[in-house]
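> Provided below are the primary sequence and the corresponding predicted coordinates.
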Amino acid sequence: MRRKADLPRKTCASCGRPMVWRRAWAKVWDEVRYCSDRCRAAARRRPTRPG
């Protein structure tokens, strides 16, 4: 059994909070960008600036 401190971590692309690997994300961990549905929705609502 792994300790929580040993689990992989990422930073949320929307809010910048650290998020820890979850069993539900095991198959898609490389694709996970947001810590919650709220952050994912906020990223969609945020207008993109022309660059």
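Nice, I can see it. Residues are numbered from 1 along each chain as shown.
> Find the centremost residue of the chain, please.
For the chain, the residue nearest the mean C-alpha position is residue 34 (3.0 Å; C-alpha atoms, centre = their mean).
> Please enumerate the strands of this protein.
Ranges of strands in the chain, per DSSP state E, are 9-11, 18-20.
> how about those strands, which one is nearest residue 46?
strand 9-11 (17.0 Å; C-beta to C-beta). Every C-beta, even on glycine, is put in place using the N, C-alpha and C of the backbone.
> Which residues belonging to the closest one are considered buried?
For strand 9-11, the buried set under the neighbour-count rule, 16 or more other C-beta atoms under 10 Å, comprises residue 10.
> how about the strands of the chain in TSV, adding mean pLDDT and distance to residue 41?
Listed next are the strands of the chain as TSV, based on pLDDT from 0 to 100; distance: least, C-beta to C-beta, whole Å:
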stretch	mean pLDDT	distance to residue 41
strand 9-11	94	18
strand 18-20	92	16
